[in-house]
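**Q** Sequence first, then the predicted structure, then my questions.
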Amino acid sequence: MSVRIAPPVLAALVIAAAARAQPAPPAPQAPGAASEDVDARVRQSFAAAESFQGRLDGGWTVSAGGHDLLQLQLVDNGKGRVEGAWRDLQGGLNANASGLIDPLTVSGDGLELGFRRADGLAFRLKERLGSDGRWTGRLWRGDEALDVTLRRTSP
């Protein structure tokens, strides 16, 4: 003997079984609590990612006499390898005004880098980290030499 179940009753049984298998919804939280949890997790993840990067990682500006000359974007993996790009803030918006840094050397509290614009003008920057935490040094732009500072402008 077989029992025949009408389709609407069968659908109701399937829906009821599925509802029992679903986990209960989370308890209501105070307004803003979920957002604060997400913010805390994002901050923690950012801090963890930053811990794998070296001290030079980020954006830097080279200045002389109160005028910004160059922007640098450095990628420091924290294991002795640093790469970067430069932008000449005095060069306007043209192909000569930016490029890749090559070579870039870091040793102890020193940093030395060089690059050449497309028009052939060579730049060399040599910086040293002072006991006061400031980077100071010299920038050679072609034959011109300038006393400069290097400051972090973005993480």
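**A** Cool, got the structure.
**Q** in stretch 62-81, what counts as buried?
**A** Using 16 or more other CB atoms under 10 Å as the test for burial, stretch 62-81 gives 62-63, 69-74, 76. In this view, the C-beta of every residue, glycine as well, is placed from N, C-alpha and C.
**Q** Helices along this structure, start to end?
**A** 7-21, 33-51 (DSSP state H).
**Q** same question for the longest one, mean pLDDT?
**A** Model confidence over helix 33-51, given as mean pLDDT, is 67.
**Q** The first one now?
**A** The average pLDDT for helix 7-21 rounds to 56.
**Q** and if you look at stretch 59-76?
**A** Stretch 59-76 shows a mean pLDDT of 95.
**Q** what's the offset of it from the middle of its chain?
**A** Put simply, stretch 59-76 sits 16 Å off its chain's centre (CA atoms, centre = their mean, to the nearest Å).
**Q** Then stretch 138-150?
**A** A distance of 27 Å separates the C-alpha centroid of stretch 138-150 from that of its chain, computed with CA atoms, centre = their mean.
**Q** what does stretch 124-144 give?
**A** For stretch 124-144 - counting by CA atoms, centre = their mean - the centre lies 23 Å from the chain centre.
**Q** Next, the buried residues of it.
**A** For stretch 124-144, burial by neighbour count (16+ other CB under 10 Å) applies to 125, 127, 129, 135, 137, 139, 141.
**Q** what pLDDT does the first one get?
**A** According to the model's per-residue confidence, Leu125 sits at a pLDDT of 97.
**Q** doesn't Ser63 make contact with it?
**A** No: the criterion here is CB atoms under 8 Å, and Leu125 misses it with Ser63 at 11.8 Å.
**Q** Can you check which residues contact both of the two?
**A** Common neighbours of Leu125 and Ser63, counting by CB atoms under 8 Å, 6 or more residues apart in numbering, are 148, 150.
**Q** Let me have the buried residues of stretch 62-81 in CSV, adding distance to Leu146 as columns.
**A** CSV is the format used below for the buried residues of stretch 62-81 (distance: CB to CB, whole Å):
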residue, distance to Leu146
Val62, 9
Ser63, 10
Leu69, 7
Leu70, 11
Gln71, 16
Leu72, 15
Gln73, 21
Leu74, 20
Asp76, 24
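**Q** Tell me the one among these nearest to Ser107.
**A** For those, the minimum distance to Ser107 (CB to CB) is 13.3 Å, reached by Asp76.
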